[in-house]
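*Asks:* Here is my input, please return the structure:
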Amino acid sequence: MSEPNLPDCQIYRPEIRFVDIDAAGIVNNAVYLNYFEQSRIHFFEGIVGKKWNWNEAGMVVARHEIDYQLPILFNDDVRIITWIDHVGEKSIKAAYVVQKQMEGKWLRTAKANTILVSYDHINGKTIPWPDKMVAGLHGFGIGCPECL
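*Replies:* Below you'll find the model as predicted:
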């Protein structure tokens with residue numbers, strides 16, 4: 001896997017912190033959820049900007065699925081490629097591929113997806129996705145990047 005030709009918002013490079021490492025010397029499986037959260041924030045800022053009101057038109061996580069394939073070590077160079085696989089009326093499916101660089105090649109360490117539900121945190125209820133969000137996602141493109 002070489003360098004993908006993708007917009008910056010689709011590629012997130014997490015900092016692998018010492019606190020992320022477990023007793024086996026690898027990134028703990030639960031830490032991936034934090035990496036995916038940061039990757040989604042990075043992605044959505046590229047779609048709707050930093051001024052989006054996440055309290056009024058936010059989202060909550062309904063489900064995560066992760067397939068681990070290779071461990072990530074403390075000094076690994078890691079990237080997460082994020083995209084949206086599906087947009088429904090009140091939910092979307094975000095997807096990710098995690099890769100680390102080894103011997104000049106990018107190797108897949110995990111693949112995952114998250115179901116997110118559109119949520120009004122002020123009124124405490126699910127809502128349809130705002131038109132601006134849906135238009136931004138469709139304008140960006142739905143589905144796995146061809147480079148993967």
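*Asks:* The closest residue to C144 other than its chain neighbours - how many residues pack around it?
*Replies:* Closest residue in space to C144, ignoring its immediate chain neighbours: W83 at 6.1 Å, by CB to CB, 6 or more residues apart in numbering. C-beta here means a position set from N, CA and C on the backbone, and glycine is covered the same way. By the measure other CB atoms under 10 Å, the count of residues near W83 is 21.
*Asks:* Need the residues that contact the lengthiest helix in the chain.
*Replies:* Taking DSSP state H as the criterion, the chain has its longest helix at helix 31-48. Under the criterion CB atoms under 8 Å, 6 or more residues apart in numbering, residues 7-10, 12, 14, 20, 52, 64, 66, 68, 80, 82-83, 94, 96, 98, 110, 112, 114, 116, 132-133, 136-137, 140 lie in contact with helix 31-48.
*Asks:* Buried by neighbour count, from those residues: which ones?
*Replies:* Neighbour-count burial (16 or more other CB atoms under 10 Å) applied to the contacts of helix 31-48 gives 9-10, 12, 14, 20, 52, 66, 80, 82-83, 94, 96, 98, 110, 112, 114, 116, 133, 136-137.
*Asks:* Pull the contacting residues for D20.
*Replies:* D20 touches 27-28, 31, counting by CB under 8 Å, 6+ apart.
*Asks:* again, 10 Å this time
*Replies:* Residues near D20 by CB atoms under 10 Å, 6 or more residues apart in numbering: 14, 26-28, 30-32, 34-35, 72, 74.
*Asks:* Endpoint to endpoint, stretch 41-56 covers what distance?
*Replies:* End-to-end span of stretch 41-56 (CA to CA, to the nearest Å): 16 Å.
*Asks:* Could I get the full set of strands for the protein?
*Replies:* For the chain, the strands defined by DSSP state E occupy 11-12, 58-68, 78-87, 91-102, 105-120, 125-126.
*Asks:* okay if I get the ones you listed as TSV plus distance to H42?
*Replies:* Formatted as TSV, the strands of the chain follow (distance: least, CB to CB, whole Å):
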stretch	distance to H42
strand 11-12	5
strand 58-68	15
strand 78-87	7
strand 91-102	11
strand 105-120	14
strand 125-126	24
